[in-house]
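# Have a look at this prediction, sequence included:
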Amino acid sequence: MNASHDGAAPAFDDRTPGGVKDRIREHVERRRDTLLGLSRRIHSHPETAFAEHRAAAWCSALLAEHGFAVTAPAYGLDTAFEATAGSGPLTVAVVCEYDALPGLGHACGHNLIAAAGIGAALGLAPLADELGLRVRVLGAPAEERGAGKALMLRSGAFDGVDAAMMVHPCPFEMSDFRSFALGTLSVTYTGRTAHPSLNPHEGRNAADALTVAQVAIGLLRQQLPPQWRVHGVTTEAGSAPNAIPERARAEYELRALAAEDLTELRARVEACFRAGALATGCEVTLERPEPDYLDFRGDAELTGLCTANARALGRAEPVERDPFACTDMGNVSHVVPSIHPVLDISGGACGPHEAAFAEAAVSPAADRAVLDGAVAMAWTAADFARARRGGSPR
């Protein structure tokens with residue numbers, strides 16, 4: 001991968017004293033303690049999907065202090081916000097995540113994502129008009145579960161956006177991020193309770209229906225493409241051994257390489273659950289508890305610019321990997337040119353959704369990632385503006 005990735009315009013070198021990139025970096029470095037303090041404060045007060053009241057308030061208040069016009073709550077979500085600065089013809093959206101994992105806190109490092117996004121916005125804002133930019137910061141709740149960005153996208157949060165960006169911590173460095181498409185499925189079987197010894201023939205065993213479905217899914221896996229995934233948990237299957245269960249519930253996730261594949265996978269898995277109902281005489285209800293997460297499709301031009309800027313900051317050489325995760329930023333990337341680079345904070349010692357990764361999210365490597373991520377995004381936005389205007393902004 002290089003700065004001319006797929007024909008992208010090269011990043012311009014304006015890091016000389018007084019140049020645009022030099023001034024952006026100065027603005028970020030001047031707020032170093034504030035940004036790292038924000039990262040640690042969010043980390044110390046983990047809030048899960050749609051309950052990120054403190055994190056959203058801290059982020060939006062900091063932006064308001066620096067002259068951004070803030071709307072909070074925004075787009076129909078209590079813990080979403082929008083903040084804008086500049087009046088240029090090009091709009092760049094910087095996306096902040098800040099939700100935590102139940103029981104694991106910030107084991108995905110969203111505290112770092114929020115702080116880096118705020119840092120990028122603060123670095124860009126004083127130069128926005130000079131660059132011909134309008135900076136739009138979007139505080140997006142519920143990435144881990146709930147697809148907050150998909151909901152915001154439907155409500156118009158990304159309307160008129162020319163480029164969208166965020167960074168994410170990881171155990172390795174990667175510019176050309178790719179993700180799976182993800183669908184969720186809530187399953188409820190309703191049967192009929194009966195005594196298992198006195199009158200079992202009058203019962204309809206909901207737990208058996210779920211067992212039949214799970215066996216069918218296990219057999220189906222042999223015929224699925226290698227990178228399609230089906231996995232889930234049983235959340236209810238009876239409460240006493242001396243009563244035939246009249247209700248069983250399960251939560252499943254489906255992953256495929258692309259949104260189009262996810263449609264086929266869902267149809268095949270839902271057929272397995274209907275088979276369980278048919279075999280046992282139970283009724284089944286299949287629901288989608290949240291919007292599908294679409295596969296992330298990074299923009300080649302922005303990826304090339306960001307790669308060059310990360311190298312200029314001394315980041316490690318990026319690796320190339322097959323899809324390994326899911327994100328609702330994928331939904332954004334289907335309609336807006338987007339990037340989602342990942343920054344190494346653990347050196348491969350641990351990965352997201354592990355307790356050790358929560359510790360890594362406030363390590364010295366995480367601190368560097370906050371600042372590097374902020375500068376890299378802001379520089380990439382400046383490069384993007386230059387490419388659209390046909391010259392170096394001065």
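Now that the structure is in, tell me what you want to look at. Source: prediction; values computed, not measured.
# Return the distance of residue 30 relative to residue 313.
17 Å (C-beta to C-beta, to the nearest Å). Any C-beta I mention is one placed from the backbone N, CA and C, and that applies to glycine too.
# Compare the two and say which is more crowded by neighbours.
Between residue 30 and residue 313, counting by other C-beta atoms under 10 Å, residue 313 is the more crowded of the two (16 against 11).
# give me every residue that touches that one.
By C-beta atoms under 8 Å, 6 or more residues apart in numbering, the contact list for residue 313 reads 372, 375-376.
# In helices only, show me those.
Judged by DSSP state H, helices contain the following of the contacts of residue 313: 372, 375-376.
# Of those residues - the most surrounded one?
residue 376 leads the ones in helices among the contacts of residue 313 on contacts (other C-beta under 10 Å) with 29 neighbours.
# re the thing from before, can you redo the contacts of residue 313 as CSV with pLDDT?
What follows is the contacts of residue 313, written out as CSV (pLDDT from 0 to 100):
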residue, pLDDT
372, 98
375, 98
376, 98
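# From those, pick the one nearest residue 305.
Nearest to residue 305 out of these is residue 376 (C-beta to C-beta; 9.4 Å).
# roughly how far apart are the closest one and residue 307?
9 Å.
# list residues touching both of the two?
Between them, residue 376 and residue 307 share the contacting residues residue 341, judged by C-beta under 8 Å, 6+ apart.
# Quick one: end-to-end distance for stretch 126-145.
End-to-end span of stretch 126-145 (C-alpha to C-alpha, to the nearest Å): 35 Å.
# cool, and stretch 292-299?
Stretch 292-299: ends 21 Å apart by C-alpha to C-alpha.
# Mind listing residues that contact it?
Outside stretch 292-299, the residues that reach it (C-beta under 8 Å, 6+ apart) are 147, 150, 163, 176-184, 256-259, 262, 323, 326-331, 333-334, 337-340.
# What segments of the stretch 251-394 of the chain are strands?
Secondary structure of the stretch 251-394 of the chain (DSSP state E, counting those that start in this stretch): strands located at 283-287, 338-339, 342-344.
# For residue 130, find the nearest of these.
Of the strands of the stretch 251-394 of the chain, nearest to residue 130 by C-beta to C-beta is strand 338-339, at 22.5 Å.
# neighbouring strands for that closest one, and are they parallel or not?
strand 163-165 (parallel) (DSSP bridges).
# from the chain's centre, how far out does the partner strand sit?
Offset of strand 163-165 from its chain centre (C-alpha atoms, centre = their mean, to the nearest Å): 13 Å.
# Kindly report the same for stretch 149-164.
Per C-alpha atoms, centre = their mean, the displacement of stretch 149-164 from the mean C-alpha position of its chain is 14 Å.
# avg pLDDT for that stretch?
Averaged over stretch 149-164, pLDDT sits at 98.
# Please save the CA atoms from it in CSV.
This file holds the C-alpha atoms of stretch 149-164, laid out as CSV (Å, rounded to 0.1, in the frame of the first residue of the first chain):
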residue,chain,number,x,y,z
LYS,A,149,-24.6,4.8,13.1
ALA,A,150,-27.0,2.9,10.9
LEU,A,151,-29.9,4.6,12.8
MET,A,152,-28.2,8.0,12.5
LEU,A,153,-27.6,7.4,8.8
ARG,A,154,-31.3,6.8,8.3
SER,A,155,-32.1,10.0,10.1
GLY,A,156,-29.9,12.1,7.9
ALA,A,157,-26.7,12.5,10.0
PHE,A,158,-24.5,11.9,7.0
ASP,A,159,-26.5,13.8,4.5
GLY,A,160,-24.2,16.2,2.5
VAL,A,161,-21.0,14.6,3.8
ASP,A,162,-18.2,14.3,1.3
ALA,A,163,-15.9,12.1,3.4
ALA,A,164,-16.3,10.3,6.8
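# So for stretch 127-140, mean pLDDT?
97.
# for stretch 323-343, same thing?
Rounded mean pLDDT across stretch 323-343 is 96.
# Any stretches of the stretch 1-150 of the chain with poor pLDDT?
Within the stretch 1-150 of the chain, the ranges that satisfy pLDDT under 70 run 1-17.
# And the strands in it, which stretches?
Under DSSP E, counting those that start in this stretch, the stretch 1-150 of the chain gives strands at 69-71, 81-85, 90-97, 133-140.
# So which of those strands is nearest residue 44?
Here strand 90-97 is closest among the strands of the stretch 1-150 of the chain (C-beta to C-beta), at 16.8 Å.
# before we move on, back to that, closest to residue 289 out of the contacts of residue 313?
residue 376 (34.9 Å).
# in which helix or strand would I find residue 161?
Secondary structure from DSSP states H and E places residue 161 outside every helix and strand.
# now it, nearest residue through space, not along the chain?
Excluding its sequence neighbours, the residue lying closest to residue 161 (C-beta to C-beta, 6 or more residues apart in numbering) is residue 93, at 4.5 Å.
# I'd say the one you found and residue 337 touch.
No - taking contacts as C-beta atoms under 8 Å, residue 93 lies outside contact range of residue 337: 10.3 Å.
# Compare the two and say which is more crowded by neighbours.
A direct count of neighbours by other C-beta under 10 Å for residue 93 and residue 337 places residue 93 higher, at 27 against 19.
# Would you check how far apart that one and residue 121 are?
With distances taken as C-beta to C-beta, residue 93 is found 10 Å from residue 121.
# Mutual contacts of those two, please.
residue 137.
# Grab the nearest non-local neighbour of residue 76.
Using C-beta to C-beta, 6+ apart and skipping residues adjacent in sequence, the residue nearest residue 76 is residue 155, 5.4 Å away.
# Touching, residue 40 and residue 111? I think so.
Yes - counting by C-beta under 8 Å, residue 40 touches residue 111, with 7.3 Å between them.
# what about the two, which has more around it?
Taking other C-beta under 10 Å, residue 40 and residue 111 do not tie; residue 111 has more neighbours (29 against 17).
# From residue 37, how far out is the more buried one?
11 Å.
# just residue 295 next, same as before
Residue 295 is 35 Å from residue 37, by C-beta to C-beta.
# So which of the two has more stuff around it?
Set residue 295 next to residue 37 and count neighbours by other C-beta under 10 Å: residue 295 wins out with 25 against 14.
# Quick check: the gap between the more buried one and residue 48.
25 Å.
# No further questions, thank you.
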